[in-house]
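1. below are the sequence and a predicted model; questions follow.
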Amino acid sequence: MSTSTRTGAKTTSQGGAAGLSSQGIGFAGKSARMAAVSAVTNYRPISEPLNFIDTPASMLFGSNVFNKQVMKTRLPKQVFKALCKTIESGEKLDPAIADVVASAMKDWAIEKGATHYAHVFFPLTGATAEKHDSFLAPDGDGGAIAEFTGKQLIQGEPDGSSFPTGGIRATFEARGYTIWDVTSPAYILENPNGTTLCIPTAFVSWTGEALDKKTPLLRSMQALNRQAQRVLKIFGATDGAFVSSTAGPEQEYFLVDRNFYFARPDLLTAGRTLFGAKPPKGQEFEDHYFGAIPERVLAFMLEVERELFKLGIPVKTRHNEVAPAQYEIAPIFESANLANDHQQLMMITLKRVAEKYGMACLTHEKPFAGINGSGKHLNWSLGSSTQGNLLDPGDTPHDNAQFLVFCAAVIRAVYKFQGVLRAVVATASNDHRLGANEAPPAIMSVFLGDQLTDVFEQIKKGGANSSLKKSTLEVGVDVLPPLPKDAGDRNRTSPFAFTGNRFEFRAVGANQSIAGPLVAMNTIVAESLDYCATKLEKATGGETAKLNAAVQSLLTEIATECSPVIFNGDGYSEAWHKEAEKRGLLNLKTSVDALPVLKDKKVEELFAKYNVLTPRELESRYEIYLEQYCKTVYSEANLSLEMAKTMIFPAAIRYQNELASTCANLKLVGYEFDTDTLDRITELVKSLQDSISVLQMAINKAPHDSAHVAAAYCASDVLPSMTMVRKYADELECWVADDLWPLPTYQEMLFIK
């Protein structure tokens, strides 16, 4: 049998695999590596450096946003006031003003070079969708005029059946509507060849049911405000200022050279490596976290921030994360709905700008095995323009009854609906991360810290009379000033941690939309505030004199009943898993375990009661998320098969052939050559071949029953079969000659920058 290979432009034919390593296979195995090394060592900026002196960030911020400042100068006074009432107070939008707003928005956009407008929405894929339409319309005389009416601003009509609907819409029932969300400002998206006016919208079916992430989020914010107002009224705050949930999601991501990215079919298609042996060095030296940012990466970060500033996205922090080639960007707090829209824009911008610098941005939760994955730590709080942050404890939290009620409501919400919080972060990709050594476990618990734990322990015993005080940290160096020391430490292993004036939901995956987790947190806290308000209203009867006793009774009840969910220890330890089981806490380890929570009658009643999701809308999400889980697993399984059969197995066979030829040739000239390496390679090749067959059979036997049965089969049969293929492939990577191995290695991808 003759095998042809290509070396440069020359094609040669060799009789057997033994001669291939010097005739082209080595080049094929190393080409991506060499291209990446060359790209890094010869790196030059592809465009002129950013002018950050003549155009400071303060001038850029919000320059491409149709924000209040722009609206105030371009809209009639009454129209502007009406819009502000809707944005700030949640009042209904007057459709009569739409034409005026549309005209002003069009003129502003055209001045910035826009030729089209796009309704931007967030379908249940978790990604961003947009439909573009031109401003231009024929004038009847052979020319064109720019038009943009109030009707076009308020309503668009994309296909309502071409997105996941979970059975809400049949394929032939195509009508769906996008609806202008006035609370999230329109913005200009720049492209080298022009600009587009982007209008954030909700997306609903012809029957009025939510087909997106935004609609339930807005409903949940409305529900939270209503219940928070009841509690505030009891404490004498009756101004009615809209209480909004706020969010500040930290985004972790990886950067790899695009030469490596395109040489890895798994990264290109699945967003993670399905194969890859542990490198000689990983993150064990702990030298990457907060380390000096490489020049190429920093240049990328600076341009990302510049683009985000234009869009009014308040990014604050950038740094190296724990794993090699891993980084983080974090904004400051915004209204939850706006934070969600900005988070989607941030992910798009990260990926788009990375391409300009010859890199690929990976937001998958676990792109590389054996090192830290990526989360999207979702910092959450609630407050209003007059009351400020309602989760700010002040200096003496034991005396801050209003704060304690709101804090207790959150604790109760997590305890009562821990399964909901686990379900809304359940994806096939996040399953690879949750419970690993850098992520919170699948057990939902609350970390309060020393100060608040002490306060709630006092409450359980009859009343809180003191708070642990902040102290001063003395370092022992005269030139370093003493620092104020917080009253308690932080806990990086907690999935739901109080961090001073907010809660941080750390189980959210890096590639997820934050809308689902926000909907869950807003709704369960609304239910808890409803419970607290009802208790306090009955106990006080409107009499202020009875308030202290009523609050004490309520807090004691919640602190006692919900104490099992409070845990300040090591969430990674095996002891905690055992302790959590004793406490009756759920441990839903996989998406298949967690998603059925959405079918629970109490959960259905929860979302229906607060008009966040109807039973049919909730059912649709359950079906969609299970379907997405199965599609993810099967696409990765098929890709594992393809790569194992067409890339890894052939490389192993060629190396086996080289070893066999070497042994045979040495024997011919009288040398007895030890065959231990050949024996091990032969054993691994056979095991790889057998595991490929097992995986193929697992895919072929996929059940076609209910979505849950299909997902359970993926978890119990398909994923373990993939793991076995990877086990033997990764071990072969450690044996096969470097010039024959077809895939860029972890060492190369993570450390060549």
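-> Perfect, I can see it now.
2. use CA for all of it now, contacts and neighbours both
-> Noted.
3. spatially nearest residue to Pro367, not counting backbone neighbours?
-> Arg272 (3.8 Å; CA to CA, 6 or more residues apart in numbering).
4. the one you found contacts Lys366, correct?
-> Yes - when contacts are counted by CA atoms under 8 Å, Arg272 is listed as touching Lys366 (6.5 Å).
5. okay, those two: which has more neighbours?
-> Taking neighbours as other CA atoms under 10 Å, Arg272 and Lys366 compare with Lys366 leading, 27 against 21.
6. would you say that one is within a helix?
-> No - counting by DSSP: H, G, I helix; E, B strand; the rest coil, one finds Lys366 to be coil, located in no helix.
7. let me know the pLDDT of it.
-> At Lys366, the model reports a pLDDT of 96.
8. how far away is the nearest residue to it once chain neighbours are set aside from Gln451?
-> Using CA to CA, 6+ apart and skipping residues adjacent in sequence, the residue nearest Lys366 is Gly373, 4.4 Å away. As judged by CA to CA, to the nearest Å, Gly373 and Gln451 stand 31 Å apart.
9. pLDDT weak spots in this protein?
-> Within the chain, the segments meeting pLDDT under 70 span 1-30, 32-33, 45-47, 170-173, 435-439, 471-476, 478, 480, 482-490.
10. max-length strand in it?
-> strand 194-205 (DSSP state E).
11. now do the buried residues in that strand.
-> The neighbour-count criterion (16 or more other CA atoms under 10 Å) identifies Thr195, Thr196, Leu197, Cys198, Ile199, Pro200, Thr201, Ala202, Phe203, Val204, Ser205 as the buried residues of strand 194-205.
12. over to stretch 300-318?
-> Those buried within stretch 300-318 under the rule 16+ other CA under 10 Å are 300-301, 303-315, 318.
13. would you check which pair of the residues you listed lies furthest apart?
-> Phe300 and Gly312 (18.6 Å; CA to CA).
14. about what we covered before: who touches the residue nearest to Pro367 in this structure?
-> Asp266, Leu362, His364, Lys366, Pro367, Phe368 (CA atoms under 8 Å, 6 or more residues apart in numbering).
15. before we move on, the earlier item: and the buried residues of strand 194-205, which two are furthest apart?
-> Thr195 and Ser205 (29.1 Å).
16. show me where the stretch 451-600 of the chain has helices.
-> 515-540, 547-561, 574-583, 591-594 (DSSP state H, counting those that start in this stretch).
17. CA-only coordinates of the third one in CSV, if you can.
-> Extracted as CSV, the C-alpha positions of helix 574-583 are listed here (Å, rounded to 0.1, in the frame of the first residue of the first chain):
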residue,chain,number,x,y,z
GLU,A,574,-15.7,15.9,51.5
ALA,A,575,-16.7,16.6,55.0
TRP,A,576,-19.0,19.4,53.8
HIS,A,577,-20.7,17.0,51.4
LYS,A,578,-21.5,14.7,54.3
GLU,A,579,-22.5,17.6,56.5
ALA,A,580,-24.8,19.1,53.8
GLU,A,581,-26.6,15.8,53.5
LYS,A,582,-27.2,15.7,57.3
ARG,A,583,-28.6,19.3,57.0
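18. how far away from the center of its chain is it?
-> 28 Å (CA atoms, centre = their mean, to the nearest Å).
19. just stretch 666-680 next, same as before
-> That offset, for stretch 666-680, works out to 53 Å (CA atoms, centre = their mean).
20. for stretch 744-753, same thing?
-> The answer for stretch 744-753 is 24 Å, by CA atoms, centre = their mean.
21. ok, and for it, which residues are buried?
-> So, applying 16+ other CA under 10 Å, buried residues of stretch 744-753: Pro744, Thr745, Tyr746, Gln747, Glu748, Met749, Leu750, Ile752, Lys753.
22. for the second one, which non-adjacent residue is closest in space?
-> By the measure of CA to CA, 6+ apart, the closest residue to Thr745 outside its immediate chain neighbours is Gly276, 6.4 Å from it.
23. so the one you found makes contact with Tyr746?
-> Yes - Gly276 is in contact with Tyr746 according to CA under 8 Å; the separation is 6.3 Å.
24. between those two, which contacts overlap?
-> What both Gly276 and Tyr746 touch, as defined by CA under 8 Å, 6+ apart, is the set Phe368.
25. still on that earlier bit, okay, Gly373 and Gln451: which has more neighbours?
-> Neighbours were counted for Gly373 and for Gln451 using other CA under 10 Å; Gly373 has more, 28 against 20.
26. tell me where the stretch 1-150 of the chain has helices.
-> Using DSSP H, counting those that start in this stretch, helices in the stretch 1-150 of the chain cover 25-41, 57-60, 68-74, 77-89, 98-111, 150-154.
27. run the chain-centre distance for the fourth one.
-> Between the centre of helix 77-89 and the centre of its chain there are 32 Å (CA atoms, centre = their mean).
28. list the buried residues for that helix?
-> So for helix 77-89, counting by 16+ other CA under 10 Å, buried means Val79, Phe80, Leu83, Cys84, Ile87, Ser89.
29. contact partners of that helix?
-> Residues outside helix 77-89 that contact it (CA under 8 Å, 6+ apart): 71-72, 91-94, 97, 100-101, 182-183, 241-242.
30. who wins for neighbours among the residues you listed?
-> When neighbours are counted by other CA under 10 Å, Phe242 leads those with 23 neighbours.
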